[in-house]
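> Let me see the structure of the following:
(chains A, B, C and D)
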Number of protein chains: 2
Amino acid sequence: MQYKYITMGVTKTEHFTEEQNELAVLAKALGHPARIAIIEHLIKVDSCICGELVNELPLAQPTVSQHLKELKNAGLIKGNFEGASICYCLNEEGFEKIKSFFTLINTYLENRKDQCC
Amino acid sequence: MQYKYITMGVTKTEHFTEEQNELAVLAKALGHPARIAIIEHLIKVDSCICGELVNELPLAQPTVSQHLKELKNAGLIKGNFEGASICYCLNEEGFEKIKSFFTLINTYLENRKDQCC
DNA sequence: TATTTATATTGCAATATTACGATTAATTAG
DNA sequence: CTAATTAATCGTAATATTGCAATATAAATA
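Numbering: from 1, shown residues only, chains lettered A, B, ... in the order given. This is a model prediction of the structure:
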């Protein structure tokens, strides 16, 4: 058997810029309704949350833990231990990177003249 | 054999709000460096593009076509036929939906007082 | 110290995504 | 009409993601 397609199913990150890969990682982390819900909840309660997320979300505890881990790895939330529980809140850094991308897009869209499509 | 976990690997969209699912779909569509590159290229050339994307990207034609389809399905780009080729440009609607989400986040982050994490 | 509470990790089942060769479809050029 | 060009679709290989039961870990409490 030949390994003709050894990278099938794998994103070819090496062919894109670091900025493009970073943006994709951030967007991907937001690409799940549970993770959107987590972000929204963090904003809603306006404080660091400690665990009640499992009660808020329609998912089992290990699944929530996994989603939190992905948001943390992407740099969109931060988490610190606070006694027995852990405390999460938004990580400004991650959102700053997204911000400049969307500022670029919005500026473009606002000034766009023609639109052949 | 029992099909105990018939929905394994499937996002439980039905338990989230329509808005959360919509946002997740949009973010997910941006969650790949090739699709970020496509959006950036559409902004850079400031016009509808007709096919040269395959030359710009380090991916085969069917792969590029697939990424374009995903961006189109998510509502982030539009495409029209123009003779033998097809013409793509940004779809403002999709980006509008993302915009309000990030406005919410930015407003929150700018006004946030404490930060226990 | 033993028990409870809170969260992370492991392991695994199942679907989703990524990538591309081969092919198809549709238009243009000759 | 035929060949060339352009882009979508099909089929398939391979990895990634999602979800949860079971388990592990770590701190608080009795």
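> Let me know how buried A:E96 is, in neighbour terms.
12 (other Cβ atoms under 10 Å in any protein chain shown). Where you see a C-beta, it was placed from the backbone N, CA and C, and this is true even at glycine.
> cool, and the one 3 residues further on?
Here the number of neighbours of A:K99 (other Cβ under 10 Å) works out to 15.
> Next: A:N111.
Neighbour tally, A:N111, other Cβ under 10 Å: 8.
> Tell me who's in contact with it.
A:N111 makes no contacts at all, as judged by Cβ atoms under 8 Å, 6 or more residues apart in numbering or on different chains.
> Can you tell me how far it is from DNA strand D?
26 Å (Cβ to the nearest atom of the strand, to the nearest Å).
> what's the helix or strand for the closest residue to A:G79 other than its chain neighbours?
Nearest residue to A:G79 in three dimensions, chain neighbours excluded: A:Y88, at 4.7 Å (Cβ to Cβ, 6 or more residues apart in numbering or on different chains). Secondary structure assignment for A:Y88, by DSSP states H and E: strand A:85-90.
> Next, the buried residues of that strand.
Using 16 or more other Cβ atoms under 10 Å in any protein chain shown as the test for burial, strand A:85-90 gives A:86-90.
> That one vs DNA strand D: in contact?
No: contact of strand A:85-90 with DNA strand D (Cβ under 7 Å from any atom of the strand) is absent, the minimum separation being 8.1 Å.
> Give me the contacts around that strand.
Applying Cβ under 8 Å, 6+ apart, the contact partners of strand A:85-90 are A:39, A:42-43, A:47-51, A:53, A:68, A:76-81, B:105, B:108-109, B:112, B:115-117.
> so what pLDDT did the residue nearest to A:G79 get?
Looking at A:Y88, its pLDDT is 92.
> what's the burial count for A:N80?
That count, for A:N80 with other Cβ under 10 Å as the rule, works out to 12.
> no no, A:H67
Count around A:H67 with other Cβ under 10 Å applied: 20.
> Show the pLDDT at it.
Taking A:H67 on its own, its pLDDT is 97.
> Was I right to think it contacts A:I38?
Yes: counting by Cβ atoms under 8 Å, A:I38 is a contact partner of A:H67 at 6.4 Å.
> same for the worst-scoring helix or strand of chain A on mean pLDDT, what does it pack against?
The helix or strand of chain A with the poorest confidence is strand A:77-82; it has a mean of 84 (mean pLDDT, DSSP states H and E). Strand A:77-82 is packed against helix A:33-45, helix A:61-74, strand A:85-90, with contacts defined by 3 or more Cβ pairs under 8 Å, 6 or more residues apart in numbering or on different chains; DSSP states H and E.
> Quick check: which of the ones you listed is buried the most?
Sort the helices and strands packed on strand A:77-82 by mean neighbour count, taking mean count of other Cβ atoms under 10 Å in any protein chain shown, and helix A:33-45 sits at the top with a mean of 20.
> Kind regards, and thank you for your time.
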